[in-house]
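build me a model:
(2 chains)
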Amino acid sequence: MDTVNLKINNIEVSVPKGATILDAAKKAGVRIPTLCHHDDLCVAGNCRVCVVEQKGAWALKASCAVPAENGMEILTNTQKVRDARKTIIELLLSEHAGECTSCYRSGNCELQALAQEYLANGNKYIDVAKHVPVDMSSPSIVKDDSKCIKCTRCVRTCTELQGVSALWSSNKGNHTKISTFLDKPMHYVVCTNCGQCINRCPTGALTERNYIEDVWRAIDNPDIHVVVQTAPAVRVAIGEELGMAPGAVVTGKMVSAMKKMGFDSVLDTDFTADLTIMEEGTELLVRLKEALVDKKNVALPMMTSCSPGWIKFIEHQYPQLLDNLSTCKSPQQMFGALAKTFYAKKKGIDPAKIVSVSIMPCTAKKFEANRPEMNSSGFRDVDYVLTTRELGHMIRQAGLNFTDLADEKFDSIMGDSTGAAVIFGTTGGVMEAALRTVYELVTGREVPFTNLNIEPVRGMDGVKSASVKIDKVKSEWSFLEGAELKVAIAHGLANADKLMKEVAAGKAQYHFIEIMACPGGCIGGGGQPIPTSMDIRKKRAAAIYVADEAHAIRKSHDNPEVQAIYKEFLHEPLGHHSHELLHTHYYSRKGAVKNH
Amino acid sequence: MDNNTKQKKLAELQGKVNLIFSQIDCVKVLDKALAMDSQKIIEDVSKSGLRGRGGAGFNTGMKWKGAAEVKDDIKYVLCNADEGEPGTFKDRRILEEQADKVIAGMAICAKAVGACEGYIYLRGEYNFMKAKLQAGCDRWNKIFSDKKLNFKMSVRSGSGAYVCGEETALMESMQGNRGEPRNKPPFPVVEGFLNKPTVINNVETLAYVTTIINDGPEKFSSLGTKTSMGGKVFSVSGDAEVKGIYELPLGMTIQEFVDIFGDGDTKAVQVGGASGSCVPRKNFDKTIIGFEGVPTGGSMMLFNSSRSMYNVLRNYLEFFEEESCGQCTPCRVGCQQLLKGIEAIRSGEKPQEYLAELQKLASTMSIASKCGLGQSLANPFNTITRHFREEICY
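Modelled structure (predicted):
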């Protein structure tokens, strides 16, 4: 590979051709401040905070956008550079409705941190912030243009990573803003509520709609029984909100914190993740039988339905493929429906007095819980959805010293889970869990992978595929003898889009597809701690697999509570009760934007 | 100078140049170019000393050489006819009267650099001439195919954004994207329109190319000065006795210019449009119109003592506040701050000392902005506020 030699602050450094000055500085151990730059996104070069001086050049260079060249002598800390950066930060502050003391992102705001670092004067220039109403239309995402600094990270996220393009720059000059199609409110556009824009917004312009106060009120009300469920990906990320390094598995501390906060029952979404595998795995086998034996025209490949951002995406973009979706509700919604039926009955609590809260790595889950059809228990199945970040806020508000908490266990019932459930939290996990169960169901043997770890479906490749040969099957599955089960996995909606184009064109020869809306799956969800990067997501994913291997039980069908609920209540996968409580249907949203 | 002397002097100066608006047989010029070696064309253009007539003044021969050296089967020639600089209106007349020279210039460029397609990016406000220009292109396309020149031309319309005169924003606009300048490098000669090697020249530059091939490089290079060779088409406006479009040699002093065009009471000349520099009367003598002094895309706005330079500056800043593409911080916010800043000083909301902060801000914009728009704001702001401080704060 061609290399380029240059000097950064008189430190000689070699980088591959094509690397930027910023890359070279990193290699030289020199930190250059950035704002519009994000490792997950393409170069914008528009905030200009990263400017540096090149010896012999009059104008400064935006180090994130300018390629390193042989013989360059770059200076990153001269008077000229410091003055320019400070001025730029002060300009940004002048168009940013500060309100730092009351801002949701205060303490984790990149503009605030830079202002502090450069001792910028927020009042030096005239206030030119656009004090416009906050867009609160979406149950998931709050868009406050008055805090926007037009770095376009959200635009690039929505377009490059998610292929959604709900956000775009509009107008020019002083009227420039980040807007939606025809400037409609966020709830009325193709936004999937995935929240990836929030994860990359440097300020408080994009945040989740928070329900912290509502949940505290429910907890404080002695007449209300508050059950809380926690998604798999939360336990490997909540530590980051509370000062720990990425990749720590803190399930026990998290449970302990929530008990101390006053939740009446601290339960596990992992339980319904296992249940999902039972329902979805059976659904797959039924579809395969209908296709192969009954020669019916069934929709294959079957596609997972756990990720509500993905669901809204397909409802907008590929409504012709809705029949391919598994009818299974997401684990969150299965849990909600069971909390106010099965759980209420077992505990002898009036379901009207139950408030069901879920802690999710996700913002789209807020939208999902609000979907009108999600009331099969006779009530709102899930009342409030909090993100990992909101839980972090609540733990701090409760005055708990998180790192010192002793581990505690989930309550019962609906607190038991398996390793198969926890891997739902990362890309490929649902597929792996499903294969562990389906293979064994059909053959009576464990999946033929060392230690049950199905490596081909793991990892951060955008689109993955694998196949599993099924042989020596049990007699009732004889039609699958010798079959090769072909599966594919995509994460990040831009990757999902690629895969769906293949499926829509009839070119994809898969039986089962797992899609997660967010890069990395739920561990990279839109409700997870900020910042995010490939490195952080890899650490969280590694933690998920640690949690999997730490489980004594690693297959969903071996979960004793799952076995019990089928015995006592549901009777069989895809049975009558299941259909009522655990399955759902979807809507085409084609044209929905136009009609609002 | 009395009127007669002025007229005589003007006629004499115009007679020296008379390249752009003279009638020549452009097809013959193309024939001549087609008979030449590509390298020789570039050599001649270089020898003539021709520099970009849009205002930035990049050496045309060097630009073409750059594009010729890049190996690619597909290259483009673009004509920047997005004439949007306030005070500039010369390209309009060139296109109306001498489109053949422009088109022939593009074809000569295509031959020199190996381009296969050419587009005239026409300012949205000039759409009234689009049909006529397109007809010209169609007529020339036939000539190209008759002469076995693998080159095709057509016209594209802009939509009215000033920033689309910036070459890479123009390309984005042509590609159907939001008109925002790109990061440079890569420069257009390497990665331009549709990421292919692209030469982009101003209308006037291309018209001059045709005359240079017609006359040989020496005639052009004998005009003007060492640094600013050749003629230049000026758009004269404001408090001028004679207004309009005049082709004159580069290298005159502002004083010489004002003597001919001024009304006897000229206190300032804004050279190069709203983004150019303001020259006060005391500097008329020592300021050369050209790349060694004040470069210009041709706009010369004269102001007499009845004009408030505060109003002039405010008018420019209102324009830039709207016309910044809004992409980079220094330009987007800086333009707003400069405008609001002088208004606040005038109303007393900010002290006079704030002007120094604003001048510093303008200087920062010039070294930290992404493109020429933000980089050039310091020209009008700092020259007007320095030379006419008493009109800004009192």
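
only C-alpha atoms from now on, for both contacts and neighbour counts.
Fine.

can you give the domain ranges for the chain?
All of this refers to chain A. Here the domain parsing of chain A from automatic domain parsing is A:3-77, A:103-208, A:212-271+A:332-404, A:279-328+A:425-535+A:544-582.

was after chain B, sorry
Split by automatic domain parsing, chain B gives B:3-221, B:309-392.

now the last one, how far from the chain's geometric center?
To tie it back to what came earlier, the one meant is domain B:309-392. In terms of C-alpha atoms, centre = their mean, to the nearest Å, the centre of domain B:309-392 is found 22 Å from the chain centre.

could I get the average pLDDT for that domain?
Averaging pLDDT along domain B:309-392 gives 97.

distance between the ends of it?
In domain B:309-392, first residue to last residue: 7 Å (C-alpha to C-alpha, to the nearest Å).

kindly report the same for the longest one.
End-to-end distance for domain B:3-221, by C-alpha to C-alpha: 31 Å.

and that domain, what's its mean pLDDT?
For domain B:3-221, mean pLDDT is 97.

right, and the domains of chain B - which one's nearest residue A:126?
domain B:309-392 (6.6 Å; C-alpha to C-alpha).

quick check, the closest one touching chain A?
Yes. Judged by C-alpha under 8 Å from any C-alpha of the partner chain, domain B:309-392 and chain A are in contact via B:320-330, B:332-334, B:336-337, B:340-341, B:361, B:364, B:366-370.

in strands only, show me those residues.
Among those, no member is found in strands (DSSP state E).

mind listing what the nearest residue to residue B:125 once chain neighbours are set aside touches?
Nearest non-adjacent residue to residue B:125, counting by C-alpha to C-alpha, 6 or more residues apart in numbering or on different chains: residue B:160, 6.7 Å away. Residues near residue B:160 by C-alpha atoms under 8 Å, 6 or more residues apart in numbering or on different chains: B:123, B:124, B:125.

surely residue B:160 is within a strand?
No. Residue B:160 is assigned coil when assessed by DSSP: H, G, I helix; E, B strand; the rest coil, not a strand.

next up, phi/psi of it, please.
phi 110, psi 10 (degrees, to the nearest 10).

what's the answer for residue B:56, then?
phi -70, psi -30.

and whatever helix or strand residue B:168 lives in, how far out from the chain middle?
Element membership of residue B:168, judged by DSSP states H and E, is helix B:167-174. Put simply, helix B:167-174 sits 16 Å off its chain's centre (C-alpha atoms, centre = their mean).

just the residues contacting the following helix or strand past it, thanks.
Once the chain leaves helix B:167-174, the next helix or strand it forms, by DSSP H and E, is strand B:198-202. Identification of contacts with strand B:198-202 by C-alpha under 8 Å, 6+ apart yields B:52-54, B:60, B:63-64, B:67, B:75-81, B:167, B:188-192.

note down every partner strand of strand B:198-202 and its orientation.
Sheet pairing here is set by DSSP bridges, and for strand B:198-202 it gives strand B:76-81 (parallel).

contacts only, for residue A:284.
A:302, A:512.

measure it to chain B for me?
Going from residue A:284 to chain B by C-alpha to the nearest C-alpha, to the nearest Å gives 44 Å.

appreciated, that's everything.
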